[in-house]
Every structure is written in structure tokens, then in C-alpha cells.
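S.K.: Model the structure of this input:
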Amino acid sequence: MKPYVLINVAVTADGKMDTFERKGASISSKTDKMRVQQLRAQADAVMVGGHTLLDEDPGLIVKNSELRAQRKDKGLPENPMKVGVVSLADLDPDGDFMTCGPARRVIFTTARTGEEKVRTLSKLGAEVYVLGQERVNLSLALEKLYELGVRQLMVEGGGTLNFELLRQGLVDELTIYVAPKIFGGQTAPTLAAGPGLDAPDAIQLKFVDVQAMNDGGGMLVRYKLHENNVE
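M.R.: So this is what the prediction gives:
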């Protein structure tokens, strides 16, 4: 069993999630940022991949106090579980992922992360699971999250994690905020990275709806994933 997996991303009209500088350039409008907060508040867990985790060190909390209060009224923790997927878990112990909260913290990593680092992260309150030698076994990670009570999982990138989840048929829904701007740049990150696929093996999406956003001139596109995308 696995949770319902939603990938949510914001991209420019040319499909970039950031500039070539990779410093977390703002893409979403104010309305879309609030939508993302609502998605977080509805999720049992929020997941990010290694580059996002180590380079951007996201807090992954629900910033809106009313939304946090609504979670508490339902008997839920203020913030969803934070989940990091990283081959080498060289996290900053004082960084936002580890300290912003309160929130439960789960890290999926590989044998590349030494036992001493695993012990250190565990002592700091993180739940660390070694699932693979070189790369994290994502199917096992999702099974573990289901065991931990996660039914709704929100994925916030980056491109490598997005691609692998999509390629392995583990995604149920994809929402994309498209901003009316162009970043360009061959090295600027895109929604799906990884080695790529041949045209006959392209991942097929099922269009659900599109919504124009009132501020910023962007639009929100929703897709479901076809069931035959499972390897």
C-alpha cells in the first residue's frame, strides 16, 4: 500500500522551476502561494528530494496560523510530516528542515550515509530509514510512509525526485502553476529531470482542468496519471 501522491510544482512558461542560479527564484503568485499552503495543510506529509533538501533547506511547515489551527482542531499536528529523500544525508543539523516546526521529520537515505551521521540525525529527532545502496528505493519509502499513517503525500520536488516517481508509476496527480515569465537557461531546473525517456515511453497524463489565476496572470493545470504508467 502507498499514500495518494500529489506532485505540485510552479514553473515558468518555458518550464523552468528556477533560474540557472538555483537560488529559489519566486515563481508563484500570492494566490498560488496560499493555495500551496492549503495543500500542505491538507497533507499528511510533504516530501522533497536531495537537491532541494540540501541546497534550499526548506522548512516545509504550514505558515498560515489559521490553517495550523484548523489542523489542531481536527486533532492533527500543526504541521504535516516532513520527508526528505536523499542519497547522502549530509543535512545541516541547525537548518530549517531539522529545526522548523513542530513537525515530525522522516529521512529516507542509502548506505552512502554513514552510521555516525544516521545516529546524529536520529538523536536530533529525525526518523532515518536506509532503503538502498546508491539510490533510495521509492516504492519501499512510500510503503513505509503508509505504515507511518500517511495517506495524502504532497511532493514539492525537485526535478529528479519528480521524474523517478513519475517514471515508476507512483504518482496519482500532478498540479502545475504556470507563470507568465521566461527564465531560459540550459541548466535551469525543470519539472522532471533524470535521464529522460524515449518518445514511445513518454508518461501519459490525463487532463482534469485548468484555472486562470486572478493575480499574476498565471494558470493552474491539473492532471491525473493513467493507470498504465506502472512498470
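S.K.: residues in contact with the helix or strand bottoming out on mean pLDDT in the chain?
M.R.: Ranking every helix and strand in the chain by mean pLDDT, DSSP states H and E puts helix 50-51 at the bottom, with a mean of 90. Helix 50-51 has contacts (CB atoms under 8 Å, 6 or more residues apart in numbering) with 84-88, 158, 160-161, 189. Just so you know, the C-beta spots here come from the backbone N, C-alpha and C atoms, and that holds for glycine as well.
S.K.: Which of the residues you listed fall in strands?
M.R.: Within the contacts of helix 50-51, residues falling in strands by DSSP state E are 84-85.
S.K.: As JSON lines, the contacts of helix 50-51 with pLDDT, neighbour count and distance to Ala199 would be great.
M.R.: What follows is those, written out as JSON lines (pLDDT from 0 to 100; neighbours: other CB atoms under 10 Å; distance: CB to CB, whole Å):
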{"residue": "Gly84", "pLDDT": "97", "neighbour count": "28", "distance to Ala199": "33"}
{"residue": "Val85", "pLDDT": "97", "neighbour count": "26", "distance to Ala199": "28"}
{"residue": "Val86", "pLDDT": "96", "neighbour count": "22", "distance to Ala199": "31"}
{"residue": "Ser87", "pLDDT": "95", "neighbour count": "18", "distance to Ala199": "29"}
{"residue": "Leu88", "pLDDT": "94", "neighbour count": "14", "distance to Ala199": "33"}
{"residue": "Gly158", "pLDDT": "89", "neighbour count": "25", "distance to Ala199": "24"}
{"residue": "Thr160", "pLDDT": "94", "neighbour count": "19", "distance to Ala199": "21"}
{"residue": "Leu161", "pLDDT": "96", "neighbour count": "27", "distance to Ala199": "23"}
{"residue": "Pro189", "pLDDT": "92", "neighbour count": "23", "distance to Ala199": "22"}
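S.K.: for the contacts of helix 50-51, which one is nearest Tyr146?
M.R.: Val85 (15.3 Å; CB to CB).
S.K.: what residues are up against the closest one?
M.R.: Applying CB under 8 Å, 6+ apart to Val85 gives the contacts 47-50, 53, 108-109, 136, 138, 141, 161.
S.K.: Widest-spaced pair of those residues?
M.R.: Farthest-apart pair in the contacts of Val85 is Leu53 and Leu138; separation 14.7 Å (CB to CB).
S.K.: Show the residue spans covered by the strands in this structure.
M.R.: Per DSSP E, the chain carries strands over the ranges 4-12, 45-49, 81-85, 105-109, 127-130, 152-155, 173-179, 205-212, 219-225.
S.K.: any low-confidence regions in this structure?
M.R.: Applying pLDDT under 70 to the chain flags the ranges 226-231.
S.K.: pull the longest helix from it.
M.R.: helix 30-42 (DSSP state H).
S.K.: Determine the angle, from 0 to 180 degrees, between it and strand 4-12.
M.R.: Taking axes from the mean of the first three to the mean of the last three CA atoms, to 10 degrees, one finds helix 30-42 and strand 4-12 inclined to each other by 160 degrees.
S.K.: Please name every helix or strand in contact with helix 30-42.
M.R.: Applying 3 or more CB pairs under 8 Å, 6 or more residues apart in numbering; DSSP states H and E, we find helix 30-42 packed against strand 4-12, helix 65-73, strand 152-155.
S.K.: Tabulate these (JSON lines), appending mean neighbour count and distance to Asn214.
M.R.: As requested, these are arranged in JSON lines below (neighbours: other CB atoms under 10 Å; distance: least, CB to CB, whole Å):
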{"stretch": "strand 4-12", "mean neighbour count": "21", "distance to Asn214": "16"}
{"stretch": "helix 65-73", "mean neighbour count": "13", "distance to Asn214": "20"}
{"stretch": "strand 152-155", "mean neighbour count": "24", "distance to Asn214": "23"}
